[in-house]
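> sequence isn't available, so here's the structure alone:
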């Protein structure tokens, strides 16, 4: 692999370390230069992006820029524009680092960080409240350097988002933060540049209601690519590493269906591309891209770091609202305000990165009807007239699977209620039933999984049921894998039994008649074989059984045609299982011919 990049940064957002280690860095200083040149209009800037999307690295880049560390910017866009790198005093705060276990801890850790800055700068400070310490630090820095102060606040909303399901704590934390953030307004004459990031707009924190001329960059077309990687940036930065990555993947047995640089790029885009904040500029998730090139394997990198606390809490308040979402496109004009507990979970999904902008529709206020693009959405005409309208979509495959996994973790708790002995007993039962091809026991077990879901939870999507089964089996059997790549495709589930037997499971979901394209499944983004299209017919037991019989054979045929088992010749005996689910209520299991270890 090209030695120019000693590693792909996935850890701490440290601009100085990235530059000094000559790590891969995608240059975003063009946008920073644009911000600075626009500061005559306002000194206050706000940006919302999901977690793991480069906000913290952007803030640290600004920190180094305003400290005047010109040498770190050599070769970057802003250096070529003749920027003078004049140093300023900087207060750099990450609210992700404060302790929010209690309001007292919040205040004490805020003061500790401010005291740390004051001590390092040799500035005297007050010891009363976070607000008074903040004010004395700003005034002290201005007096020392004879310059206005730069304030950078990363994840400003984190303390409140941690407690949006606790009204008492929210009110206490809100009061502390409101007093603290109001300092930015009272000290405007002493400030040079203020940049604030978060996930959402939280009402009554004084950030959005009190700051004069606060410019929100979140849905600003000119800054749509300020975080993340555009398609062009990806090609410029990562194309040199495609060949070496393919070679490494091949050596590790990770072979793509199209094992070429072009094929790898297509697979990466399908997995990690698709974000947008203007409906035109497509953005790749930077954390997932760097994690992929660092590990040379596809994984749900964004999800395995844990779903954001904000989303997790929202799902627990009303999981059914989230489960009933189809996750295709939604129209909504107000996307950014935090509203945990709202009957409409779409803003939460947008803010946390599970939905992104598909189209931006500017409505003609003189028209008497909605634009065709939004005519199917239940949005009042008066609201469409007053505001820009956004339609949303799921960005990519990683996010789709991550959403289903996060929802599953909230919805399904039956395993956690079992004792260790019962889990061991159930694990042995399933493994024994697979080895003995005990179809009746397996069908009853899988039916129990579906029946444990609340009656009104019904997501008509193959991948939802795949995730459901995967996490259930993973709780019982240690060796369970999902989306296992082979030379000709990906199997749904694979289980290793007793070190010498592989079980390959291909799952097919049968929607109710006329539901195949109305249930929110994205036909273009899904493997067409995942769905069995149905016409308008009379549904009775005979029709259901016939459809199940046909579909389970489709699943077994796919295992054979895609040669999922071939890669295990000489290593394992392989059992092939077809699984068909109709409308969540009925299941059919069938076994195909075994592949013996030595053929």
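Arrived safely, thanks for sending. This one's a predicted model, so the numbers in the text were calculated from it and none came from an experiment.

> how does the protein divide into domains?
27-223, 309-393, 412-591 (automatic domain parsing).

> how about those domains in CSV, adding mean neighbour count and distance to residue 295?
In this view, the C-beta of every residue, glycine as well, is placed from N, C-alpha and C. As requested, those are exported to CSV (neighbours: other C-beta atoms under 10 Å; distance: least, C-beta to C-beta, whole Å):
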stretch, mean neighbour count, distance to residue 295
domain 27-223, 18, 15
domain 309-393, 17, 21
domain 412-591, 17, 14
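
> now these as TSV including mean pLDDT?
Below are these laid out as TSV (pLDDT from 0 to 100):
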stretch	mean pLDDT
domain 27-223	90
domain 309-393	65
domain 412-591	78
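
> export the ones you listed to JSON lines and append columns for distance to residue 296.
Below are the domains of the chain laid out as JSON lines (distance: least, C-beta to C-beta, whole Å):
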{"stretch": "domain 27-223", "distance to residue 296": "20"}
{"stretch": "domain 309-393", "distance to residue 296": "24"}
{"stretch": "domain 412-591", "distance to residue 296": "12"}
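
> out of those domains, which comes closest to residue 8?
Proximity to residue 8 (C-beta to C-beta) singles out domain 27-223 among these, at 13.0 Å.

> of all the domains of the chain, which one is nearest residue 299?
domain 412-591 (9.6 Å).

> okay, how far is it across stretch 268-287, tip to tip?
Its first and final residues considered, stretch 268-287 spans 13 Å by C-alpha to C-alpha, to the nearest Å.

> what's the lengthiest helix in the chain packed up against?
Determined from DSSP state H, the single longest helix within the chain is helix 541-561. The helices and strands touching helix 541-561, judged by 3 or more C-beta pairs under 8 Å, 6 or more residues apart in numbering; DSSP states H and E, are strand 501-510, strand 573-582, strand 586-591.

> what's the first one packed up against?
Contact analysis of strand 501-510 by 3+ C-beta pairs under 8 Å, 6+ apart lists helix 462-474, strand 489-497, helix 541-561, strand 573-582 as its packing neighbours.

> what's the angle between that strand and helix 462-474?
150 degrees (axes from the mean of the first three to the mean of the last three C-alpha atoms, to 10 degrees).

> now do the second one
For the pair strand 573-582 and helix 462-474, the angle between their directions (the same axes, to 10 degrees) equals 130 degrees.

> run the angle between strand 573-582 and strand 586-591 for me.
Going by the same axes, to 10 degrees, strand 573-582 makes 160 degrees with strand 586-591.

> residue closest to the middle of this structure?
Residue closest to the average C-alpha location in the chain (C-alpha atoms, centre = their mean): residue 353, at 4.8 Å.

> next, the contact list for the nearest residue to it once chain neighbours are set aside, please.
Distance criterion C-beta to C-beta, 6 or more residues apart in numbering; nearest residue to residue 353, sequence neighbours excluded, is residue 50 at 2.9 Å. Going by C-beta atoms under 8 Å, 6 or more residues apart in numbering, residue 50 touches 199, 308, 351, 352, 353.

> thinking again about what came up before, correct me if wrong, but the residue nearest to the centre of the chain is in a helix.
No. If the criterion is DSSP: H, G, I helix; E, B strand; the rest coil, then residue 353 is coil and not within a helix.

> and it, how far from residue 407?
15 Å (C-beta to C-beta, to the nearest Å).

> likewise for residue 139?
Counting by C-beta to C-beta, the gap from residue 139 to residue 407 is 49 Å.

> now do residue 272
Residue 272 is 20 Å from residue 407, by C-beta to C-beta.

> could you do residue 51 as well?
Applying C-beta to C-beta, the value for residue 51 to residue 407 is 18 Å.

> nearest to residue 245 among the domains of the chain would be which one?
domain 412-591 (14.3 Å).

> what angle do the helix or strand hosting residue 442 and strand 573-582 make?
Residue 442 is part of helix 439-451, with elements assigned from DSSP states H and E. Orientation check (the same axes, to 10 degrees): helix 439-451 against strand 573-582 gives 50 degrees.

> output the contacting helices and strands for helix 439-451.
Packing contacts for helix 439-451, counted by 3+ C-beta pairs under 8 Å, 6+ apart, involve helix 420-435, helix 462-474, strand 586-591.

> I would like the residues contacting that helix, please.
Contacts for helix 439-451 (C-beta under 8 Å, 6+ apart): 412, 426, 429-430, 433-434, 465, 468-469, 472, 579, 581, 584-585, 587-591.

> so residue 252 touches residue 296, yeah?
Yes. In this structure, residue 252 is within contact of residue 296 by C-beta atoms under 8 Å, at 6.9 Å.

> neighbour count: these two, which is higher?
Using other C-beta atoms under 10 Å as the criterion, residue 252 and residue 296 rank with residue 296 on top: 18 against 11.

> that one contacts residue 254, doesn't it?
Yes. Judged on C-beta under 8 Å, residue 296 makes contact with residue 254 at a distance of 7.0 Å.

> gap between residue 201 and residue 252?
Distance from residue 201 to residue 252, by C-beta to C-beta: 44 Å.

> just how off-centre is stretch 55-68 within its chain?
Relative to its parent chain, stretch 55-68 has a centroid offset of 24 Å by C-alpha atoms, centre = their mean, to the nearest Å.

> in three-state terms, label residue 485 for me.
Under three-state DSSP, residue 485 comes out as strand.

> that'll do, ta.
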